[in-house]
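Visitor: Pasting the sequence and the predicted coordinates here, then a few questions.
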Amino acid sequence: MNYRLINRFLASAALAAVALLVVPRPASAQQAAGDTKPVAVLSVASINEITKDISFLSKAADVADLGGIANLMIIGFTQGVDTSRPAGMYIVMEGAAPKGVGFVPVTDFATVRRQIEEGLNTELQDAGNGVLRLAQEDRDVYVKPQDGWMFVSDRAENLGGVPKDPTVVLDGLHQTYDVALRINARNVPAEIRDMLVTQMKAGFARGFEQGLDEDQPNRELTEELGRNMIQSYVSLIEETDQLTLGWAIDNEAKATYVDVKLTAVAGTELAQQMALLKNLRSNFRGFELPNAAATLSLSSKMRAAEIQQTLAMLKGLREQAMEQLDQNTDIPDETTRQAIKDAYGTAMDVVEKTVADGKVDGGAAVLLGSGKVRFVAGGGVADGPALERAFRKLVDVAKNEPEFPQVNFNVDKYQQVTFHTMSVAVPENEAEARKVLGEKLDMALGVGAHSFYVAFGENSVGLVKQVIDGSASQADADAAPMKLSIALAPLLQFAKAMDENALIGALADAISNAAGRDHILVTAQPIERGVNYRLNVEDGVLKLIGQGIKLMTGAQQQFGNDF
């Protein structure tokens, strides 16, 4: 996966929020949502949809009573509200100042007004122009009923010229999500974006000067990496079109999910980078092993500019490592030092050639069974034989060390992949490690012409072969930029085997009946000019959460709040 893109993506939510928080309070506001595109929109689905989804969640979690109570409370507090239409809020800009207006659909404003006044023990006062004022200790709130809607803001003038149908600004979010927030980054004024960029650069400069000494060996490289990171965030501010966060229920799939979508302005470098996420292919889909506790698949392409930047970074890392090897007094002689440098240099050559090819393709998997851990990872490389030569050089240097394990070369060959193995003794005084790994940890390295694999655990070579077969059956398959799958049943069964905790045991027993519906999935999927990261939780996990709530509630009732 393109890690630079991930970093930019994960930072976008925070940056978008800052863009709204750093601006001053408005002195006046006269524009309506129809006059200026909103910089931010909050969407809340209709009460009918929300109560239906609450019922699904509570039934899936086997706590239907709690769902029923929640829905009754919602109904009790929404008398006079139109339960068939969405609610929301929009923020528009007047110069460099934001103004926010919330809206709720109503069928009987008199009933809603009475509930507000009785609940807050105050009265709504006439503020003129159809606006009512609700006096509060910290800040007054203004309300305006109009065309079957109740508009709310912290300033009376914000309610002048409100739209006849405010659902237009939601842009369909209420039809897709129960709750959603969208930041329209391009509608944030340029002066605010410039201010963010200036503050970010200044903050980096201060932090760098305070955090590093002048004579620190890796100062130049660290500074270069920091500048690249800041430039990525600057580009994010300047080139992001929209950021959308949404939560929804998928009744058909019996799951709930959270989406985080990022789209780029057309024609920008970020848009070009997003385009590379489309039509990806993989030769390493075999890491998606059945019954694995966790699997990870990564696939991406790099733009020419990113390749050059990454190569420059790798060059700095190589120079820094070579300098540290020259200064290392623990190396016994120059022959050994040169051998280590040769091995490192050969490995770095492979990494640089792989980066120059501009493609990342690989994955990993963790398997848990019989109280033991098995792990495998690997992917594509530009020159597998060169990587193998580097490994042999390192073994040749270390083989005379008294505690270095014996390496068995060329123990097997499968589908043009050559295997080397070794067994590492787990110290007798490491009881917990032995419990997980066994007395010896079997390890394997598999190298092909353009592939490499590393694995450890019982029958590590067999595990790699399983991955190779799975990949061969799906050669050149369609691939997502990233797919992470975590299965809770094997994780909890493993935890139960390691720990006799009653709560863990009960949860493990509960999830064992999930019939394969125990997954938490994180996927990245390309969309038009962007990418969507989805966190998907299956109904078996929801049931586990409900079981956990019941167990914790029962424990608290039995042992008190100290539990």
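Guide: Received the coordinates, thanks.

Visitor: what about the stretch 251-400 of the chain, any weak spots by pLDDT?
Guide: Along the stretch 251-400 of the chain, segments meeting pLDDT under 70 span 370-371.

Visitor: Please list all residues in contact with the nearest residue to Ala304 once chain neighbours are set aside.
Guide: Nearest non-adjacent residue to Ala304, counting by Cβ to Cβ, 6 or more residues apart in numbering: Gly358, 7.6 Å away. (Glycine included, C-beta is placed from N, CA and C.) Taking Cβ atoms under 8 Å, 6 or more residues apart in numbering, we find Gly358 in contact with Lys301, Met302, Arg303, Ala304, Ile307.

Visitor: Distance of the third one relative to Leu276?
Guide: Taking Cβ to Cβ, to the nearest Å as the measure, Arg303 and Leu276 are separated by 7 Å.

Visitor: between these two, who's got more neighbours?
Guide: The neighbour count for Arg303 versus Leu276, taken as other Cβ atoms under 10 Å, is higher for Leu276 (19 against 15).

Visitor: OK, contacts around the more buried one?
Guide: Counting by Cβ under 8 Å, 6+ apart, Leu276 has contacts Asn2, Ser300, Lys301, Met302, Arg303.

Visitor: Turn these into JSON lines, columns for secondary structure.
Guide: Supplementary listing: the contacts of Leu276 in JSON lines, determined by DSSP: H, G, I helix; E, B strand; the rest coil:
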{"residue": "Asn2", "secondary structure": "coil"}
{"residue": "Ser300", "secondary structure": "strand"}
{"residue": "Lys301", "secondary structure": "strand"}
{"residue": "Met302", "secondary structure": "coil"}
{"residue": "Arg303", "secondary structure": "coil"}
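
Visitor: Now rank the residues you listed by neighbours and give me the top one.
Guide: Asn2 (24 neighbours).

Visitor: Can you give me every residue that contacts the nearest residue to Val81 once chain neighbours are set aside?
Guide: Excluding its sequence neighbours, the residue lying closest to Val81 (Cβ to Cβ, 6+ apart) is Val106, at 5.8 Å. Contacts for Val106 (Cβ under 8 Å, 6+ apart) come out as Gly80, Val81, Asp82, Val112, Pro145, Gly148, Trp149, Met150.

Visitor: hmm, 6 Å instead?
Guide: By Cβ atoms under 6 Å, 6 or more residues apart in numbering, the residues touching Val106 are Gly80, Val81, Val112, Met150.

Visitor: Helices - which of those land there?
Guide: Cross-referencing the contacts of Val106 against helices under DSSP state H gives Val112.

Visitor: nearest to Asn184, of the contacts of Val106?
Guide: Using Cβ to Cβ, Met150 is the member of these that lies nearest Asn184, at 24.3 Å.

Visitor: Run through the bridge partners of that closest one.
Guide: Taking DSSP bridges as the rule, Met150 bridges to Val104, Pro145.

Visitor: okay, now it: neighbour count?
Guide: When counting by other Cβ under 10 Å, one arrives at 22 neighbours for Met150.

Visitor: got it, and Leu441?
Guide: Using other Cβ under 10 Å, Leu441 has 20 neighbouring residues.

Visitor: how close does the closest residue in space to it that isn't next to it in sequence get to Val411?
Guide: Excluding the flanking residues, the one nearest Leu441 by Cβ to Cβ, 6+ apart is Val424, at 4.7 Å. From Val424 across to Val411, the span is 16 Å (Cβ to Cβ).

Visitor: what are the ranges of the strands in the stretch 51-200 of the chain?
Guide: Listed in chain order, the strands found in the stretch 51-200 of the chain under DSSP state E, counting those that start in this stretch are 87-94, 97-105, 125-128, 131-134, 141-146, 149-153, 179-184.

Visitor: Let's see the pLDDT reported for the residue nearest to Val81.
Guide: Val106 is assigned a pLDDT of 94 by the prediction.

Visitor: Could you do the one 3 residues further on as well?
Guide: Per-residue confidence (pLDDT) for Phe109: 92.

Visitor: Double-check it against Gln146; I have them as touching.
Guide: No. Assessed by Cβ atoms under 6 Å, Phe109 is found out of contact with Gln146, at 9.4 Å.

Visitor: element containing the residue nearest to Leu441, please.
Guide: Take DSSP states H and E as the rule and Val424 turns out to sit in strand 417-425.

Visitor: I'd like the average pLDDT over that strand.
Guide: Summarised as a single mean, pLDDT over strand 417-425 is 92.

Visitor: Could you export it as CSV, CA atoms only?
Guide: Presented in CSV, the C-alpha positions along strand 417-425 are these (Å, rounded to 0.1, in the frame of the first residue of the first chain):
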residue,chain,number,x,y,z
VAL,A,417,10.6,-21.0,-4.8
THR,A,418,13.6,-22.2,-2.9
PHE,A,419,13.4,-22.7,0.9
HIS,A,420,15.9,-22.3,3.7
THR,A,421,15.0,-23.1,7.3
MET,A,422,16.3,-22.6,10.8
SER,A,423,15.1,-23.4,14.3
VAL,A,424,15.6,-20.9,17.2
ALA,A,425,15.5,-22.3,20.7
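
Visitor: Run through the neighbouring helices and strands of that strand.
Guide: Judged by 3 or more Cβ pairs under 6 Å, 6 or more residues apart in numbering; DSSP states H and E, strand 417-425 is in contact with strand 407-414, strand 440-448.

Visitor: again, only this time at 8 Å
Guide: The contact analysis (3 or more Cβ pairs under 8 Å, 6 or more residues apart in numbering; DSSP states H and E) places strand 417-425 against helix 384-398, strand 407-414, strand 440-448, helix 460-472.

Visitor: Remind me what the second one packs against, helices and strands.
Guide: Secondary structure elements in contact with strand 407-414, counted by 3+ Cβ pairs under 8 Å, 6+ apart, are strand 417-425, helix 460-472.

Visitor: So for Gly379, which of those sits nearest?
Guide: helix 460-472 (10.3 Å).

Visitor: Given the following helix or strand past the closest one, what are its sheet partners and their directions?
Guide: Next helix or strand after helix 460-472 toward the C-terminus (DSSP H and E): strand 477-478. Strand 477-478 has the following sheet partners, assigned by DSSP bridges: strand 281-282 (antiparallel).

Visitor: Contacts for the partner strand next, please.
Guide: Applying Cβ under 8 Å, 6+ apart, the external contacts of strand 281-282 come out as Ser297, Ser299, Asp361, Gln474, Asp476, Ala477, Asp478, Ala479.

Visitor: helices and strands around the helix or strand that contains the first one, which ones?
Guide: Element membership of Ser297 [criterion: DSSP H and E] is strand 294-301. For strand 294-301, the packing partners by 3+ Cβ pairs under 8 Å, 6+ apart come out as strand 281-282, strand 359-369, strand 482-487.

Visitor: okay if I get the ones you listed as a markdown table plus mean neighbour count?
Guide: Below are these laid out as a markdown table (neighbours: other Cβ atoms under 10 Å):
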| stretch | mean neighbour count |
| --- | --- |
| strand 281-282 | 20 |
| strand 359-369 | 22 |
| strand 482-487 | 20 |
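
Visitor: Just tell me which of those strands ends up closest to Met73.
Guide: strand 482-487 (33.2 Å).
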